[in-house]
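Chemist: just a sequence and a predicted model for now, questions to come.
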Amino acid sequence: MNKIKLGILQFPHKITLSEKVYTEYFKFLNSDSSYNSITINSELFDFEIEKILNSYDGLNVTVPFKEKIMKYIDVIEDASVLKAINTIYNKIGYNTDWIGFINSLKESNYNLNGKILIFGAGGVARAIVYGLYKLGIDKVTVINRTYERALNLKVEFQKIINIIPHPLEKLNNELKDTSIFINASSLGMFNEKLPIEPSYLKNIKLVYDVVYYNTPLQELAKELNINLITGEKMWYYQAIENLKIWNIYDESKFKKAFQNFKK
């Protein structure tokens, strides 16, 4: 495999799951390829991004740069619809989050019958809405801490899927007849609890939490014996798409690297 230089563009700095697993993966490949953390102060982004794009073969992009990066690269159709980039190769932008979401559902073999409620209205929520549309879903409920963002999401996707927005105070009431609850927000990453009353979860068949750390929501789902998919699964499948885009995917070695990381 040719040596390539990869990185993750972020602010503020943190050690990401991508950095840990990809570094392990390159060891299994016996490759000199590298994957680095690239932290840019948001105020300096426009001054530094061209130099970074010219210095790396491929990048991952996290908030707050998923939208801002788009004017500096060419963008494929799915990413253009989602208005967010999470993967770059040769200055072409992709969004693999939605593929990671649908493939994690397919692997777990859960059906999507019943009401689907999404908590969150940011970039990950857009990817999930788009993924559900690709799976044939025609209606979802969205609740967000800022109601206006849920309304904007409805307008943004009105041509392909019916989004029913509600303000935060309606969360527990809407949960009563929900079958699938998806946390598409970052709540829980630092042990925050969603404002959920456990008694309203009795009809939930599946909780999907995009946070790949253990969260209070995930613990609650386990306590109530609700089927659970975590953000680790979504990350794993979107990472596979990243590696395919970068032309460095080896299925058995990536599985081995991921499993080795989890030990």
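Modeler: Received it, and whenever you're ready, just let me know what you need. Residues are numbered from 1 along each chain as shown.

Chemist: now do the strands in this protein.
Modeler: Using DSSP state E, the strands of the chain run over residues 5-10, 34-39, 58-61, 74-75, 87-89, 92-94, 116-119, 139-144, 162-167, 180-183, 206-209, 227-230.

Chemist: got JSON lines for these, with mean pLDDT and mean neighbour count too?
Modeler: C-beta here means a position set from N, CA and C on the backbone, and glycine is covered the same way. Shown next, in JSON lines, are those (pLDDT from 0 to 100; neighbours: other C-beta atoms under 10 Å):
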{"stretch": "strand 5-10", "mean pLDDT": "95", "mean neighbour count": "21"}
{"stretch": "strand 34-39", "mean pLDDT": "94", "mean neighbour count": "16"}
{"stretch": "strand 58-61", "mean pLDDT": "96", "mean neighbour count": "25"}
{"stretch": "strand 74-75", "mean pLDDT": "95", "mean neighbour count": "16"}
{"stretch": "strand 87-89", "mean pLDDT": "97", "mean neighbour count": "24"}
{"stretch": "strand 92-94", "mean pLDDT": "96", "mean neighbour count": "20"}
{"stretch": "strand 116-119", "mean pLDDT": "98", "mean neighbour count": "24"}
{"stretch": "strand 139-144", "mean pLDDT": "98", "mean neighbour count": "22"}
{"stretch": "strand 162-167", "mean pLDDT": "98", "mean neighbour count": "16"}
{"stretch": "strand 180-183", "mean pLDDT": "98", "mean neighbour count": "26"}
{"stretch": "strand 206-209", "mean pLDDT": "97", "mean neighbour count": "24"}
{"stretch": "strand 227-230", "mean pLDDT": "95", "mean neighbour count": "18"}
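
Chemist: turn those into a markdown table, including distance to Ile102.
Modeler: Converted to a markdown table, these look like this (distance: least, C-beta to C-beta, whole Å):
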| stretch | distance to Ile102 |
| --- | --- |
| strand 5-10 | 23 |
| strand 34-39 | 25 |
| strand 58-61 | 19 |
| strand 74-75 | 20 |
| strand 87-89 | 16 |
| strand 92-94 | 15 |
| strand 116-119 | 13 |
| strand 139-144 | 14 |
| strand 162-167 | 18 |
| strand 180-183 | 12 |
| strand 206-209 | 11 |
| strand 227-230 | 12 |
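
Chemist: who wins for proximity to Asn103 among those strands?
Modeler: strand 227-230 (11.2 Å; C-beta to C-beta).

Chemist: the closest one packs against which elements?
Modeler: helix 97-108, strand 206-209, helix 216-223 (3 or more C-beta pairs under 8 Å, 6 or more residues apart in numbering; DSSP states H and E).

Chemist: let's see 7 Å
Modeler: strand 206-209, helix 216-223 (3 or more C-beta pairs under 7 Å, 6 or more residues apart in numbering; DSSP states H and E).

Chemist: in JSON lines: the ones you listed, plus distance to Leu153.
Modeler: Formatted as JSON lines, those follow (distance: least, C-beta to C-beta, whole Å):
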{"stretch": "strand 206-209", "distance to Leu153": "17"}
{"stretch": "helix 216-223", "distance to Leu153": "21"}
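
Chemist: who wins for proximity to Asn242 among these?
Modeler: Across the helices and strands packed on strand 227-230, Asn242 has its closest neighbour in strand 206-209 (20.6 Å, C-beta to C-beta).
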